[in-house]
Structure formats: structure tokens, C-alpha cells
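K.L.:
Kindly return the folded structure for what I paste below:
(one chain, ligands or ions: 2)
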Amino acid sequence: MSSNKNLDLEAVLEILEERVLQHTGRYLSPSEMVLIKGSWDGKDYKEIANDSGYNVHYLQTGVGTPLWTMLTEVVGEGVQVKKLTLRNILLRLAKKEYLKKLEASYQNVDRLIGTTRLYGDFPKIVSFYGRQNEISILKREVNIFKKRCIALIGIAGIGKSILVSKLIEEILLENSNNYEYLIWKKINRSSTIDNLITELIETFNIEQAEDITLQRKLCLLLNYLQLHRCLLVLDGFEAIAPVNVFEKRLEYEDFFVGITQEKHQSCVIVTSQVPLKEIAYVNVNSSIVSIQIEGLEEDAAIQLMREKGIAGEKCKELIETYRGNPSELEAVSDRINRIFGGSIEKFFDYRTTVIGPRVEAMLNLQFGQNGLLTDLQKQVMVYLAEEMAKSSAFIPFSKLINDLKERLKLEVMSISKVISALEALEQRSLIEASRQSSKHELSYGMEPVVKKYILVDPYGLVYKSSNNKELTSYVQGQNSP
Ligand SMILES: Nc1ncnc2c1ncn2[C@@H]1O[C@H](COP(=O)(O)OP(=O)(O)OP(=O)(O)O)[C@@H](O)[C@H]1O
Ligand SMILES: [Mg+2]
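P.N.:
Ligands and ions are numbered 1, 2, ... in the order given. Here you go, the predicted model:
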């Protein structure tokens, strides 16, 4: 496994030495070290002897035999340590030690793993299924392409934060000396770009004069990221998505341009429900890598449901309905357990759709006052939900345009504005697009959970009257820039 290949032997030996010292009260001898290192590299006794100058027979019987017996007792955990099994046993030992430290780091503000100092509340991974593909893509972007900014975009509860947490676990496991700092920053609604930068400056302990400008602070931060190798996670960036505030978007632009353009060794990973280009004026050519996170693949979702005690053929139907969204599947599994005694069949008798708390919170944020949806985007969503309630088929683009025109009582309608609205909604995973074949036009629809939220309108946010006059003139193209 490639992740194990890179594990630093020195780090593993350190753990082993400590264990041996605890159990036997002595350090490993030089000849034992030679044998362990050679075995780790897959060399046979003859090669080890040639490389080290020790006699083969002495290495094999004088050193090897008692060493393997001692190690079996100290780290074998029921498995006999031999030259051939040593590497895997040491890897298991290192992984355990590392996970113990990481576990402790969840509770403490300031922990050290290898040379990496950890700050912040990392989401705790209770169980983790699938996502091998996403993890290898992300590792490649971070380790090989050395990208300075990577954004993970996806609907609420789809697993963005847990995925980054898992990625960090693997990056640290492979090489815990690669970064100086690893910082997890949860962005909340009261955060601003100013206090985010200030907090980072404080975390890094960067000296600064009082009352300096945001620009100056940003320079200090960027300078620090150049001098020190940091892995910085900004989790839940949509929380500070400004709604059409021009100046704010410019401030964000400075931040992202800074972290992508300045030459530095650090990497910033952002998770967000909303594409970054809607939050900041991020240049399309900028080197931010944006990765759309979709639901779990079927096997992983089945495992997740099995863990919740839900199994059977019907699981696949549920996974499809909830688009493999793990937090939605957890919510629906809890409901099946609580109300239907774990019977998925009984649940299906009622043909009800459960809106999980994560997606509900996100939709409240989108539809709420000063929410993230424009009036046109809202109209498109309401239209799609109502059409899909009649028949669950997706709506072809041309029908959508004609119906919207009629709905909004318009003579002319700016098609480009409708297309932009559709694209923005699709990027936020609020609507879905599908095409029968490359020759057909696109059709639009939405997942059942979003449709239900709109039709039920649990908080009265969806059907709140919008300013129809403004919308009409906007979509007619009268106030286009
Ligand atoms: N790969 C996975 N395996 C098992 N469970 C998962 C996985 N991914 C996510 N989950 C479950 O789904 C929940 C939601 O995941 P997570 O918090 O990462 O979502 P998110 O995309 O960050 O959501 P939000 O946008 O609301 O912050 C987790 O708490 C976890 O219980
Ligand atoms: Mg999250």
C-alpha cells in the first residue's frame, strides 16, 4: 500500500525502541538495529550481512532468533514476529500509536505529531466508508501537484469535513514531519475575513503592531505561509458568504489571490456548500482546485446503513432517493429505527421523505431572509419542485424557459440570466441536470428531499412574497450591467 511505503522508518523505530525499553529495560543493540532496518527494506540475511559487515550466521542465529522471540512478546499481539512479518507488524504498531496521538489531539488545543503542531477541533471520525477515489485525488493534489488552495464543494452533510479529516489522518500517517503546522478552523456565521486573518496571526504567534490594516495583516500571514509549511483547513466557508456585498467579495478575493499566487509551501483546504467563486471574486484561471463532493458510492452507503442496523434489498432504493448523502441516510435510518422498529419495508409503506437536520439547516440558510438565493433562483426551484410533484420526470430546458416566461408573465426573458441561475443552483447541488444523450437538450430536476422542503415550506421561507417587480425587470434584462 503506497501510504505505508512512505511511513518514516525512523519514526517507527522510535516507537519500537520505546516499547522494547519499557518491556525489557534495555535499548536495541546496533546489530539488532541493522537486522530490523534490513528486514524493513525487504533484504535477505546475506544482503544485510554484506551491507553491514556482520557475519551471516551470527546475524541469523546469534541476533535474529532471540530478537524475533523478544519482539513477538513485546509487539506481536499474538502474531509471531519474523523477518517476513516484521514490516507489517511495525506498521500496525505505528498506526496505533499515531491514532492514539491523533485521538488525543481531538481534545487538546495544541498537540504535536512528528514535527507537526496541531491546532483546532478536528471532526472526530467515528466510522468512515468508501471515498478511496476522492482521497487519492486529494492526496495527489496536495502531495504531488503541491496545490496551494483546494476547495471541496458539496451539499450539507455530504461528508466534506469528515473527508478532509480522513485525508489529514492519512497525510500525517504517511509523513508526520511534512508540515510544521496543521490548523483546523471552523468558520461560523459571526466570522469575518478580518477576524479570520487576525485569529490565524494569533495562532501562529506572529508579532504585529496594533491597529494595522487588513491588507497589512494579510501580508504578514502570507509571509508566514511562505516561511513555514502549513496545512490550513477552513471548514464551512459558506458561513461567511456575503450576500451581494461588493466590498466584502473584494476582501475575499485578496485573500484567495494571496494564498494562491504567492510562492509558498503551504496548502489551504476549504470546505463549502457554496462554490468559492460565489463568495469571492475568484478568477477562473486562479489555481484554486475545486472538487465537487457527491454522495457515497453504493457499497459504502450500504455499510453505513448496516452499521445503523438497516439492511435488505430496499436499502438501494433509499440510497438512490437520498443520493448517497451520509447524513441524510443516517437521519432516515434513525427514523426507521425509532418509528418502524427497524423495518425498512414498513417505512416504505408510508412513502414519506425525511428531511435530515443538515439539509434543512442549509435550505433555511438559502431561502431565508438575506439568504443566498436570488429571486430568480428561488422561482426556478419552486417551479421545478411543483412540476416534479405532478410527475417525477425531469423538465427539459425549453419547457422550463417557456413555463417560466408564462409564470412570470413576461414577453421577453433573458435566457443567459436563467442559464446562470441554473448553473449556480446546480453547482450548489440544489438542482440536478441530466441529458438523455449528447444530442438531447439538458433536463432539470431536484432530489426528493429538496423538493419536499420546497413543497412543505416548513418555515414559510420559500413562498414568502418576493419583490416581483424587481425580479421581472431583472429577468427581462432591463437592469443588466
Ligand atoms: N465516508 C463516510 N463514512 C461514514 N460516515 C460518513 C462519511 N462521510 C460522512 N459521514 C457521516 O455524515 C455526517 C456528515 O458529514 P460531514 O460533517 O463531513 O458533512 P459536511 O459535508 O461537512 O456537511 P456540512 O456542509 O453541513 O458541514 C458525519 O458526521 C458522519 O456521521
Ligand atoms: Mg462540514
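K.L.:
mind checking the SS state of G130?
P.N.:
Assigned with DSSP: H, G, I helix; E, B strand; the rest coil, G130 falls in the coil class.
K.L.:
surely it meets G295?
P.N.:
No: in this structure, G130 is not within contact of G295 by CB atoms under 8 Å, at 9.7 Å. No exception for glycine: its C-beta is placed from N, CA and C like everyone else's.
K.L.:
show me what contacts whatever residue of the stretch 101-250 of the chain ends up closest to ligand 1?
P.N.:
Going by CB to the nearest ligand atom, ligand 1 is nearest to G159 of the stretch 101-250 of the chain, at 2.8 Å. By CB atoms under 8 Å, 6 or more residues apart in numbering, G159 lies in contact with R131, I293, L296, P326, S327.
K.L.:
Could you report the pLDDT at it?
P.N.:
Reading off the confidence values, G159 has pLDDT 96.
K.L.:
So for G130 and G295, which sits in the more crowded spot?
P.N.:
G295 (24 against 21; other CB atoms under 10 Å).
K.L.:
Which residues of the chain lie near ligand 1?
P.N.:
By CB under 6 Å from any ligand atom, the residues of the chain that approach ligand 1 are 127-131, 154, 156-162, 236, 271, 273, 296, 304, 326-327, 330, 358.
K.L.:
Tell me which of those fall in strands.
P.N.:
T271 (DSSP state E).
K.L.:
sorry, back to before: just send the contacts of G159 back as a markdown table, with neighbour count too.
P.N.:
A markdown table is the format used below for the contacts of G159 (neighbours: other CB atoms under 10 Å):
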| residue | neighbour count |
| --- | --- |
| R131 | 20 |
| I293 | 18 |
| L296 | 23 |
| P326 | 25 |
| S327 | 18 |
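K.L.:
picking up where we left off before, and the residue of the stretch 101-250 of the chain closest to ligand 1, how far is that from V142?
P.N.:
18 Å (CB to CB, to the nearest Å).
K.L.:
residues in contact with the strand or helix carrying V289?
P.N.:
According to DSSP states H and E, V289 maps onto strand 288-292. For strand 288-292, the external contacting residues (CB under 8 Å, 6+ apart) are 134, 137-138, 141, 145, 147, 149-154, 256, 260, 275-276, 282, 427, 429.
K.L.:
Buried only: go through those for me.
P.N.:
134, 138, 141, 147, 149-154, 256, 260, 275-276, 282, 427, 429 (16 or more other CB atoms under 10 Å).
K.L.:
Identify the residue nearest the one residue in the stretch 201-350 of the chain that gets nearest to ligand 1 in space, chain neighbours excluded?
P.N.:
Nearest to ligand 1, among the residues of the stretch 201-350 of the chain, is P326, at 3.5 Å (CB to the nearest ligand atom). Closest residue to P326 apart from its sequence neighbours, by CB to CB, 6 or more residues apart in numbering: G159 at 5.1 Å.
K.L.:
now swap in Y281 and tell me
P.N.:
Spatial nearest neighbour of Y281, chain neighbours left out: E253 (4.2 Å); criterion: CB to CB, 6+ apart.
K.L.:
What is the burial count for that neighbour?
P.N.:
When counting by other CB under 10 Å, one arrives at 16 neighbours for E253.
K.L.:
list the contacts for K316?
P.N.:
Shown in contact with K316 (CB under 8 Å, 6+ apart): E298, I302.
K.L.:
May I ask which helix or strand encompasses it?
P.N.:
With DSSP H and E as the criterion, the answer for K316 is helix 315-321.
K.L.:
Could you give the separation of that helix from the chain centroid?
P.N.:
Offset of helix 315-321 from its chain centre (CA atoms, centre = their mean, to the nearest Å): 23 Å.
K.L.:
Quick one: mean pLDDT for that helix?
P.N.:
pLDDT averaged over helix 315-321 gives 92.
K.L.:
Could you list the low-confidence segments of the chain?
P.N.:
Applying pLDDT under 70 to the chain flags residues 1-7, 102-110, 242-247, 282-286, 465-481.
K.L.:
Good, we can wrap up now.
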